[in-house]
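Participant: From the sequence below, what's the structure:
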Amino acid sequence: MSKKGAYKQKIEAELELVQAILLEYKAKSKIYAADVHIKYIEQVDELERMYDATKAKLKELDEAGEEKWEHFKDEVEAAWHTLSTAVKDAAEKFKK
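Facilitator: So this is what the prediction gives:
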């Protein structure tokens, strides 16, 4: 085999190794993307649960009579505070 042929064969073998590494990186990036997507979905699901809980508390307040509505006010405010804090935290995480 000529020097040229040997050199070409060497470079082709190195390119094959690089190709294998690139395939590995692509597979890992898909796994990472899936993990991030799963965390995103879980975060959104949690926010939706908090939203529903806040709406339920607000409905309780709305259905309470004039003399009892203040009893539910603190619960609505606590649920709202929890939800709004979680939304702000999620917004910070999603910016990254």
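Participant: And the top helix by length along the chain, what does it pack against?
Facilitator: For the chain, the longest helix by residue count, based on DSSP state H, is helix 3-63. Applying 3 or more C-beta pairs under 8 Å, 6 or more residues apart in numbering; DSSP states H and E, we find helix 3-63 packed against helix 69-95. C-beta: built from backbone N, CA, C; applies to glycine.
Participant: How about the helix it packs on, which residues are buried there?
Facilitator: 72, 75, 76, 79, 83, 86 (16 or more other C-beta atoms under 10 Å).
Participant: ok, of the residues you listed, which one's closest to residue 43?
Facilitator: Comparing these against residue 43 with C-beta to C-beta picks out residue 86 as the nearest, at 8.6 Å.
Participant: so what's the closest one up against?
Facilitator: 46, 47, 50 (C-beta atoms under 8 Å, 6 or more residues apart in numbering).
Participant: 10 Å instead?
Facilitator: Residue 86 makes contacts with 43, 46, 47, 49, 50, 51, as judged by C-beta atoms under 10 Å, 6 or more residues apart in numbering.
Participant: ok, and the helix or strand in the protein with the lowest average confidence?
Facilitator: helix 69-95 (a mean of 85; mean pLDDT, DSSP states H and E).
Participant: could you give the angle of it to helix 3-63?
Facilitator: Per axes from the mean of the first three to the mean of the last three C-alpha atoms, to 10 degrees, the angle that helix 69-95 makes with helix 3-63 is 170 degrees.
Participant: So what's the gap between helix 69-95 and the chain middle?
Facilitator: 19 Å (C-alpha atoms, centre = their mean, to the nearest Å).
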